[in-house]
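After the sequence you'll find the predicted model.
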Amino acid sequence: MNQRIFSGVQPTGNLHLGNYLGAIRNWVKLQDDYECLFCVVDLHAITVWQEPEKLRQSTRDVAAALIAAGVDPKEQIIFNQSQVPGHAELAWIFNCVARMGWLGRMTQFKEKAGKDRENASVGLFAYPSLMAADILLYKGTHVPVGEDQKQHLELARDIAQKFNNDFKTETFPIPEPLILGTSTRVMSLKDGTKKMSKSDPSDLSRINMTDDADTIARKIKKAKTDPDLLPDTVQGLDGRPEARNLLGIYATLAETTVDQAVQTFAGQQFSALKTELSDVAVANLAPIQDEYRRLLADKGHVDSVLADGAERARTMAEPVLREVQDVIGFLRVKLSRKPT
Ligand code: AMP
Ligand code: TRP
């Protein structure tokens, strides 16, 4: 069976260090070994309100950030979801495969809908069927994501399985999560028990991919700590979420293990770790930021990458959609005019 990677990121504001370490950096590493599709998921973004102009700009920004981080748009496919209609089409079919009970258990829905569930969009509820459609439209086999997306991926597996069982086919592979590296969950700099997120109202809680060196250093300096010296064993991190988070981020950026990082800073004050962490964060991010600015200044370049990606993605999706239509029993009619 061909191995194929699919992953997605939402164009909803600034990318941050969590997106980079939990997802994008792994994508860059995987592209040497797999055929990959990387999608800017604008259809997912509109499950909550988005300002049209901001959505358009964020879509370009995120695509530029992927390329700047090292995804090769010639070898791999980078595109935005809305430009390949098959995503919405297959998502509808999956809405008829998935059960209300399955979707109702999703913690992301519960968190995002909050107390006022009656007022959440139907799309927010159905979000995981669209995610399953993203992957399975290309018969994706491996899905690199951060830990927060594990539950959605389980659901995609359930949908693939139920579809295959219901129709007695082997149309879909059962996609595997790829949760890689030491920073599968980067936490907020202001609270080591909350994940670093685009939607946190405090900008000090995250390092944005676009923050300059001074801002990065300032945010790390202000990051929450605890009153003790850094421990000399990994077990010593138990009950110290901030120490664990900062050492985890350091280890990933410095390409070492948490164990090794603990040894390096054993018995020292947080300030020593913070200085080193700022340096290694800036060293990692600065070249990406330079390339990112260069790409965005080159008007039209990112759009042309996305256009090329959408065309290639459509070509890959077409036979899968035809197969699915046949399996379900949709009468396929021959059109005399090619649809636009
Ligand atoms: P999103 O920003 O929600 O579209 O997420 C895009 C990708 O980044 C997904 O693979 C997430 O799992 C990953 N991600 C988002 N936030 C974090 C975080 N704080 N730590 C690790 N991975 C994250
Ligand atoms: N739901 C994912 C997130 O918020 C983004 C996403 C959409 C995705 N479709 C996907 C990730 C398909 C992996 C595969 O992070």
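Received, thanks. Ligands and ions are numbered 1, 2, ... in the order given.

What are the boundaries of the strands in the protein?
Under the criterion DSSP state E, strands of the chain are mapped to 4-9, 35-40, 77-80, 142-144, 176-178.

Next, format those strands as a markdown table and append mean pLDDT and distance to Leu153.
Where C-beta positions appear, they are placed from N, C-alpha and C, glycine not excepted. A markdown table is the format used below for the strands of the chain (pLDDT from 0 to 100; distance: least, CB to CB, whole Å):
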| stretch | mean pLDDT | distance to Leu153 |
| --- | --- | --- |
| strand 4-9 | 96 | 10 |
| strand 35-40 | 97 | 15 |
| strand 77-80 | 98 | 20 |
| strand 142-144 | 94 | 6 |
| strand 176-178 | 92 | 5 |
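
how about the ones you listed, which one is nearest Glu118?
Checking these against Glu118 by CB to CB gives strand 4-9 as the closest, at 27.9 Å.

outside of the closest one, which residues touch it?
For strand 4-9, the external contacting residues (CB atoms under 8 Å, 6 or more residues apart in numbering) are 15, 19, 23-24, 27, 30, 34-41, 44, 62, 66, 81, 131, 134-135, 138-145, 175, 178.

and that strand, is it in reach of ligand 1?
Yes: applying CB under 6 Å from any ligand atom, one finds strand 4-9 touching ligand 1 at Val9.

the helices in the protein, which residues?
17-19, 25-30, 42-45, 52-69, 86-95, 100-104, 107-113, 122-136, 150-166, 213-222, 241-253, 258-265, 270-297, 301-328 (DSSP state H).

Isn't Val28 up against Gly70?
Yes: between Val28 and Gly70 a contact is recorded at 4.0 Å, counting by CB atoms under 8 Å.

Report the closest residue of the stretch 51-200 of the chain relative to ligand 1.
For the stretch 51-200 of the chain, the residue closest to ligand 1 is Gly146, as judged by CB to the nearest ligand atom, at 2.5 Å.

so how far is the first residue of stretch 134-146 from its last?
One end of stretch 134-146 to the other measures 17 Å (CA to CA, to the nearest Å).

domain parsing for the chain?
Using automatic domain parsing, the domain ranges for the chain come out as 4-178+298-328, 203-295.

Just send those back as JSON lines, with distance to ligand 2 and mean neighbour count too.
Converted to JSON lines, the domains of the chain look like this (distance: least, CB to the nearest ligand atom, whole Å; neighbours: other CB atoms under 10 Å):
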{"stretch": "domain 4-178+298-328", "distance to ligand 2": "3", "mean neighbour count": "18"}
{"stretch": "domain 203-295", "distance to ligand 2": "15", "mean neighbour count": "17"}
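
so which of the ones you listed gets nearest Lys334?
Shortest distance between Lys334 and those, using CB to CB, is found for domain 4-178+298-328: 12.2 Å.

residues in contact with Asn26?
By CB under 8 Å, 6+ apart, Asn26 lies in contact with 144, 178, 180-181.

before we move on, back to that, against Leu55, how distant is the residue of the stretch 51-200 of the chain closest to ligand 1?
The gap separating Gly146 from Leu55 is 22 Å, by CB to CB, to the nearest Å.

ditto for Asp326
35 Å.

Low-confidence stretches in the stretch 201-340 of the chain?
Across the stretch 201-340 of the chain, the ranges flagged by pLDDT under 70 are 339-340.
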